[in-house]
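Chemist: for reference, the sequence and a predicted model appear below.
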Amino acid sequence: EGFSVGRAAFSLGWNNKKSATSLHTFASRSLGLRMVEPAIRIGHGFDIHRLAPLDVAGQGCIIGGVKVENFELGTEAHSDGDVLYHSVTDAILGALCLPDIGQIFPDTDPKWKGCDSEKFLEEAWRLMDERGYKVSNLDVTLILQRPRVSPIKDRMKSNLARVLKADPNVVNIKARTHEKVDSIGEGRALSCHAVILIDRK
């Protein structure tokens with residue numbers, strides 16, 4: 001029942017910039033609980049998107065805020081389809097025990113069509129900051145057969161550190177193939193896992 005109250009609050013529209021603290025307090029009170037913020041929180045995020053020819057996808061491939069150049073495929077998604085930003089956004093929301101990225105930024109809402117996913121990550125950071133937390137450690141694993149991301153890994157890491165206002169030393173990005181297994185291994189999709197540790201400021 002408490003969760004349904006939280007969902008109702010979010011359905012009122014995220015443009016209201018509702019306070020994460022207020023929503024968390026409201027949901028806690030609906031369950032008769034006393035809100036106590038732990039010293040640390042851990043969140044996990046995952047995202048996957050199909051890859052398709054540029055004329056089908058209608059956009060290029062963006063990973064970690066970096067557009068992949070000289071790549072013949074694009075990401076099929078309602079927004080810009082940045083799997084790295086989406087997974088980190090969901091990891092932060094999960095750590096805060098808030099609704100997931102699909103509930104806050106639904107793909108049924110035309111205003112998010114083609115949206116720069118940095119906006120989603122910025123909002124997740126705002127909610128985290130409002131609750132009094134900062135990034136303690138972020139570990140990201142990209143799983144994709146293509147494109148090759150080693151040439152842009154430093155730029156992706158720099159983007160994450162900038163948006164999350166974190167020291168680059170606490171941000172890590174790894175990448176691996178899927179050994180040519182299933183849609184990812186066949187180069188028809190790409191995915192990302194993110195695990196984040198946040199602690200009190």
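Modeler: Alright, I've got the coordinates. All values reported here derive from a predicted model rather than from experimental measurement.

Chemist: which SS class is D129?
Modeler: helix (DSSP: H, G, I helix; E, B strand; the rest coil).

Chemist: what comes into contact with stretch 150-162?
Modeler: 63-66, 68, 84, 88, 118, 138, 140, 149, 166-168, 171-173, 175 (C-beta atoms under 8 Å, 6 or more residues apart in numbering). All C-beta spots, glycine's among them, are computed from the backbone N, C-alpha and C.

Chemist: in strands only, show me the residues you listed.
Modeler: 63, 66, 138, 140, 171-173, 175 (DSSP state E).

Chemist: between these, which is nearest C97?
Modeler: L138 (18.0 Å; C-beta to C-beta).

Chemist: who's the closest one bridged to?
Modeler: V171, I196 (DSSP bridges).

Chemist: how deep is it tucked in, by neighbour count?
Modeler: L138 has 23 neighbouring residues, counting by other C-beta atoms under 10 Å.

Chemist: how about K134?
Modeler: Counted with other C-beta under 10 Å, K134 comes out at 16.

Chemist: can you give me the strands for the chain?
Modeler: 40-53, 62-63, 66-67, 73-76, 133-144, 171-176, 189-200.

Chemist: the longest one vs strand 189-200, what angle?
Modeler: The reference is to strand 40-53. Taking axes from the mean of the first three to the mean of the last three C-alpha atoms, to 10 degrees, one finds that strand 40-53 is oriented at 160 degrees with respect to strand 189-200.

Chemist: got the angle between strand 40-53 and strand 133-144?
Modeler: Using the same axes, to 10 degrees: strand 40-53 against strand 133-144 is 30 degrees.

Chemist: need the buried ones from the contacts of stretch 150-162 selected in ChimeraX.
Modeler: Selection of buried members from these for ChimeraX, criterion 16 or more other C-beta atoms under 10 Å:
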select :63,64,65,66,68,84,88,118,138,140,149,166,171,173,175
